[in-house]
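# Quick one, fold the following:
(one chain, ligands or ions: 2)
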Amino acid sequence: MTDTILVTGSSRGIGRGIALRLAQDGFDVVLHCRQQRSAAEAVAEEIRALGRQARILCFDIADREAANRALLDDIEQHGPYYGIICNAGITADAAFPALSDDDWDSVIHTNLDGFYNIVKPLVMPMIQRRKAGRIVIMSSVSGIMGNRGQVNYSASKAGLIGAAKALAIELAKRKITVNCVAPGLIETDMVDEHVIGEAMKAIPMRRTGTVEEVAATVSFLCSPDAGYITRQVIAVNGGLC
Ligand SMILES: NC(=O)c1ccc[n+]([C@@H]2O[C@H](COP(=O)([O-])OP(=O)(O)OC[C@H]3O[C@@H](n4cnc5c(N)ncnc54)[C@H](O)[C@@H]3O)[C@@H](O)[C@H]2O)c1
Ligand SMILES: CC(C)C1=CC=C(C(=O)O)[C@@H](O)[C@H]1O
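Numbers count the residues shown, from 1 in each chain. Ligands and ions are numbered 1, 2, ... in the order given. Below you'll find the predicted structure:
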């Protein structure tokens, strides 16, 4: 039976790229979106055209009850997942004195609580499969080096690295690897033109990264070849550090 991987936030951007790459590499995919079901449906069609299965879950990852309900219902019907890619995330950038309570809360609730809300209900069923498994968490260069205007976002992405490293220790004996991918500046809807212009001189390769470059790294971490890689942060950032 083909292994199944959940990719959160996969109706567009990096998540969509990851979902398509995983399907190309032989996995069935559980797509996830908040509200953009028609965009997710288009990704599902692309996956089916590759000969792989795809289904869609829609919920807000910051809503613990909704996440629990949707995920437990899905694995009850289809069985536990081989892999989880925690990709969905947001920014709400502002210089720290101008950061609002909502900017702080929404980013922490989505990016950091979102990891807990997704992985917690899925991890015991994954362990009970008694097979190898993969958890990949999307951090950011901002979580490693900090970034002006992103105190909230950098905190959430650094928190994910700590969480991943701790969970990796707990799951290592179960053959479930846990790693972070930390992209630099990747051209998606999340990043505006002004940020790209400003950042370019700090990127040694003098270019933004592509969705496909991040997706290839995630898919490698999900492959059998990556079975001895755990508790790591893999940077995909053109030398930005
Ligand atoms: N683009 C970059 O330069 C960059 C760099 C480093 C890390 N990242 C990280 O990569 C991931 C994907 O980013 P992207 O550039 O593709 O952004 P994006 O905005 O294009 O996509 C993010 C996806 O997450 C979903 N999402 C956001 N909040 C959600 C919620 N509460 N519930 C459900 N879904 C939600 C969105 O609907 C969207 O589909 C994010 O975690 C981001 O922090 C991006
Ligand atoms: C360093 C800067 C150009 C940058 C890094 C990471 C981001 C991310 O979304 O993770 C971008 O928001 C961007 O600010």
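# When you work out contacts or count neighbours from here on, use the C-alpha atoms and nothing else.
Will do.
# Which residue ranges of this structure form strands?
Under the criterion DSSP state E, strands of the chain are mapped to 4-7, 28-33, 54-58, 83-86, 133-138, 176-183, 233-236.
# Can you name every helix or strand that the last one contacts?
Pointing back at strand 233-236 there. strand 176-183, helix 211-222 (3 or more CA pairs under 8 Å, 6 or more residues apart in numbering; DSSP states H and E).
# related to what we said a few turns ago, kindly reformat the strands of the chain as JSON lines containing distance to residue 158 and mean neighbour count.
What follows is these, written out as JSON lines (distance: least, CA to CA, whole Å; neighbours: other CA atoms under 10 Å):
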{"stretch": "strand 4-7", "distance to residue 158": "20", "mean neighbour count": "25"}
{"stretch": "strand 28-33", "distance to residue 158": "23", "mean neighbour count": "26"}
{"stretch": "strand 54-58", "distance to residue 158": "26", "mean neighbour count": "20"}
{"stretch": "strand 83-86", "distance to residue 158": "14", "mean neighbour count": "26"}
{"stretch": "strand 133-138", "distance to residue 158": "11", "mean neighbour count": "25"}
{"stretch": "strand 176-183", "distance to residue 158": "10", "mean neighbour count": "26"}
{"stretch": "strand 233-236", "distance to residue 158": "11", "mean neighbour count": "20"}
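# ok, back up a step: out of the helices and strands packed on strand 233-236, which gets nearest to residue 138?
strand 176-183 (5.2 Å; CA to CA).
# Tell me the neighbouring strands of that closest one, and mark each as parallel or antiparallel.
strand 133-138 (parallel), strand 233-236 (parallel) (DSSP bridges).
# Relative to ligand 1, which of the ones you listed is closest?
Smallest distance to ligand 1 across the strands paired with strand 176-183 (CA to the nearest ligand atom): 5.3 Å, for strand 133-138.
# quick revisit: a markdown table for the strands paired with strand 176-183, including mean pLDDT and distance to residue 220?
Converted to a markdown table, those look like this (pLDDT from 0 to 100; distance: least, CA to CA, whole Å):
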| stretch | mean pLDDT | distance to residue 220 |
| --- | --- | --- |
| strand 133-138 | 99 | 11 |
| strand 233-236 | 98 | 11 |
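# Show me the shaky parts of this structure.
Judged by pLDDT under 70, the chain has no weakly predicted residues.
# As CSV, the strands of the chain with distance to residue 156 would be great.
As requested, the strands of the chain are exported to CSV (distance: least, CA to CA, whole Å):
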stretch, distance to residue 156
strand 4-7, 19
strand 28-33, 20
strand 54-58, 23
strand 83-86, 13
strand 133-138, 11
strand 176-183, 12
strand 233-236, 15
